[in-house]
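Here is a sequence together with a model predicted from it:
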Amino acid sequence: MQGNNGSQGHAAANFPPETGKLAVITCSTNGIGFDIALALARAGADVVLTGRQPAEGHEALAKIRPMAPNALVRFEKLDIASMNSVGDFASRLLEAGRPVDLLINNANTLVLQGRQQTSDGFELHLATNFLGHFALTSRLLPLLRASKQAKVVQLTSTGRHHGEIHVLNLQLQVEYTPLKAYSQSKLAMMIFAVELQRKSDQHGWGVTGTSAQPIGSHAAMLANASEVTPSMGWYRRALGLLPSQAAGRNGGAVEALLAKAVPEPPAKGLAELIGPPAPEAVDMRVLDPLMGKRVWDLATQLTGAKWPAALEMAGDAVPN
């Protein structure tokens, strides 16, 4: 199950003007990705919708354009779990040459069945929730740097609190569980947000790295999953997702995400999307520069991502 399924059309109405800016949102043909795209388009931004299915992309465009007639909105095919697709998508944007002002890494998968592997040989949660976004951010960095105030927002989850980075078993080829895989990928996304800001400060990239936590939409996604049965209540609790959060929360989630992450993103913080947006205490695993470097280096080795400053790569072999 990829994407965020939830109510559509409830995006925040009172959003600061974003006229002339370009926003790229992964998996934005439905769910909270669609709502974010709609809110930005209504605010005057030009938006690139992405997704795996062109038919869904055209449907999303047909919904957004009448509600944001002055915005330039288009669809580009992107399977974030495929390194080839990420490369092709980034190449098309690089060829167009327009600076990217906002990259929202929203695509997400939560698989409640057995371990699955992508065509690149990556565990599916790791590939979709983290490695694909890591590679995409790297490929789009020239366009982000060309913007005056570029922001990269990683969408995380409360599931990260239960996660660990299994550096010697990163692909979870042994002792796999859905919770372990999902939580690791979301923790990696949070670490990536902090490390991206750290690298930007160090190398003068001029890019702001931040993250946001749209809890309501994740609850809706999980509640609507066909794989979920009454016996999966433990899984909801483990991810901090209560059934009462599942219905009709995308509007509030989008409003909080946009209010917190877009105008003034907390450089090393989190937008907690239950109640008013506010920073959340970040545990030391996320702030630890050694862990940040370890995750960055492993992701760079696995994806072949290239960054504009030479990085000291970890000498250890990449876990399988």
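Sure, I can see it.

Please write out the alpha-carbon positions of the helix or strand harbouring Leu140 in PDB.
According to DSSP states H and E, Leu140 maps onto helix 132-145. C-alpha atoms of helix 132-145 as PDB (Å, rounded to 0.1, in the frame of the first residue of the first chain):
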ATOM      1  CA  GLY A 132      14.000   7.100  -2.800                       C
ATOM      2  CA  HIS A 133      13.600  10.500  -1.100                       C
ATOM      3  CA  PHE A 134      17.300  10.600  -0.300                       C
ATOM      4  CA  ALA A 135      18.200  10.000  -3.900                       C
ATOM      5  CA  LEU A 136      15.600  12.400  -5.200                       C
ATOM      6  CA  THR A 137      16.800  15.200  -2.900                       C
ATOM      7  CA  SER A 138      20.300  14.600  -4.100                       C
ATOM      8  CA  ARG A 139      19.300  14.700  -7.700                       C
ATOM      9  CA  LEU A 140      17.200  17.900  -7.300                       C
ATOM     10  CA  LEU A 141      19.800  19.700  -5.100                       C
ATOM     11  CA  PRO A 142      21.100  21.900  -8.000                       C
ATOM     12  CA  LEU A 143      17.500  23.200  -8.500                       C
ATOM     13  CA  LEU A 144      17.000  23.600  -4.800                       C
ATOM     14  CA  ARG A 145      20.200  25.600  -4.500                       C
END
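
Tell me which residues of it come out buried.
Using 16 or more other C-beta atoms under 10 Å as the test for burial, helix 132-145 gives 132-141, 143-145. Using the backbone N, CA and C atoms, a C-beta is placed for each residue, glycine as well.

Among those, which one lies nearest to Val295?
Val295 has its nearest neighbour among the buried residues of helix 132-145 in Phe134, at 9.0 Å by C-beta to C-beta.

can you pull the contacts of the closest one?
With contacts defined as C-beta atoms under 8 Å, 6 or more residues apart in numbering, the neighbours of Phe134 are Phe192, Ala299, Thr300, Thr303, Ala305.

7 Å instead, please
Contact partners of Phe134, counting by C-beta atoms under 7 Å, 6 or more residues apart in numbering, are Phe192, Ala299, Thr303, Ala305.

next one: phi and psi at the first one?
What that stands for is Phe192. phi -60, psi -40 (degrees, to the nearest 10).

so it makes contact with Val153?
No - between Phe192 and Val153 there is no contact under C-beta atoms under 7 Å: 11.3 Å.

Contact partners for Gly87?
Arg139.

Where does it fall, secondary structure wise?
Going by DSSP H and E, Gly87 is part of helix 83-96.

could you dump that helix to PDB, C-alpha only?
Provided in PDB are the C-alpha atoms of helix 83-96 (Å, rounded to 0.1, in the frame of the first residue of the first chain):
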ATOM      1  CA  MET A  83      15.900   4.400  -8.500                       C
ATOM      2  CA  ASN A  84      15.500   4.400 -12.300                       C
ATOM      3  CA  SER A  85      12.200   6.300 -12.000                       C
ATOM      4  CA  VAL A  86      13.700   8.800  -9.500                       C
ATOM      5  CA  GLY A  87      16.500   9.400 -12.000                       C
ATOM      6  CA  ASP A  88      14.200   9.800 -14.900                       C
ATOM      7  CA  PHE A  89      12.000  12.200 -13.000                       C
ATOM      8  CA  ALA A  90      14.900  14.300 -11.800                       C
ATOM      9  CA  SER A  91      16.400  14.400 -15.200                       C
ATOM     10  CA  ARG A  92      13.200  15.900 -16.700                       C
ATOM     11  CA  LEU A  93      13.100  18.600 -14.000                       C
ATOM     12  CA  LEU A  94      16.800  19.400 -14.400                       C
ATOM     13  CA  GLU A  95      16.400  19.700 -18.200                       C
ATOM     14  CA  ALA A  96      13.500  22.200 -17.600                       C
END
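
Whichever helix or strand comes after that helix - contacts with which helices or strands?
Using DSSP H and E, the helix or strand that follows helix 83-96 in sequence is strand 102-105. Packing partners of strand 102-105 (3 or more C-beta pairs under 7 Å, 6 or more residues apart in numbering; DSSP states H and E): strand 22-25, helix 132-145, strand 150-155.

Relative to the first one, what are the paired strands and their orientations?
On the basis of DSSP bridges, the sheet neighbours of strand 22-25 come out as strand 46-51 (parallel), strand 102-105 (parallel).

Mean confidence (pLDDT) on that strand, please.
The average pLDDT within strand 22-25 is 96.

what angle separates whatever helix or strand comes next after that strand from strand 46-51?
Heading C-terminal from strand 22-25, the first helix or strand you meet, by DSSP H and E, is helix 31-42. Using axes from the mean of the first three to the mean of the last three C-alpha atoms, to 10 degrees, the inter-axis angle of helix 31-42 relative to strand 46-51 is 160 degrees.

in helix 31-42, what counts as buried?
Gly31, Ile32, Gly33, Phe34, Asp35, Ile36, Ala37, Leu38, Ala39, Leu40, Ala41, Arg42.

try stretch 56-76
Glu56, Gly57, Ala60, Leu61, Lys63, Ile64, Ala68, Ala71, Val73, Phe75.

All good on my end, thank you.
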